[in-house]
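Chemist: Got a predicted structure here, sequence first:
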Amino acid sequence: MATNKNASIRYNVLDKCFRNPGRKYYIENLVNACNDALLEFSGNPDGIKKRQIFEDIKFMESVQGWKKL
């Protein structure tokens, strides 16, 4: 599990987005949601990129992540 740039915050934001059936999120929306949460938490304006979102999703789908067996 990644420990850089507050991975647990990103995972929780992504999970919240994926659980929302009323809205369809595109990758740009996911990046913006994560960056907003990270800015609110740390106050650091440096955000994450699309590649990090793809890696986070891959981790969340893995056995080590939140995938249920």
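Modeler: That came through fine.

Chemist: For N35, identify the helix or strand it belongs to.
Modeler: For N35, the element it lies in under DSSP states H and E is helix 27-42.

Chemist: What residues sit buried inside that helix?
Modeler: Residues L30, V31, A33, C34, N35, A37, L38 are the ones in helix 27-42 that count as buried (16 or more other C-beta atoms under 10 Å). (C-beta placed from N, C-alpha, C; glycine too.)

Chemist: ok, the third one to C17 distance?
Modeler: Okay, so that is A33. For A33, the distance to C17 equals 6 Å [C-beta to C-beta, to the nearest Å].

Chemist: thinking again about what came up before, turn the buried residues of helix 27-42 into JSON lines, columns for pLDDT and distance to S62.
Modeler: Converted to JSON lines, the buried residues of helix 27-42 look like this (pLDDT from 0 to 100; distance: C-beta to C-beta, whole Å):
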{"residue": "L30", "pLDDT": "97", "distance to S62": "18"}
{"residue": "V31", "pLDDT": "97", "distance to S62": "21"}
{"residue": "A33", "pLDDT": "97", "distance to S62": "21"}
{"residue": "C34", "pLDDT": "96", "distance to S62": "19"}
{"residue": "N35", "pLDDT": "95", "distance to S62": "23"}
{"residue": "A37", "pLDDT": "95", "distance to S62": "22"}
{"residue": "L38", "pLDDT": "93", "distance to S62": "22"}
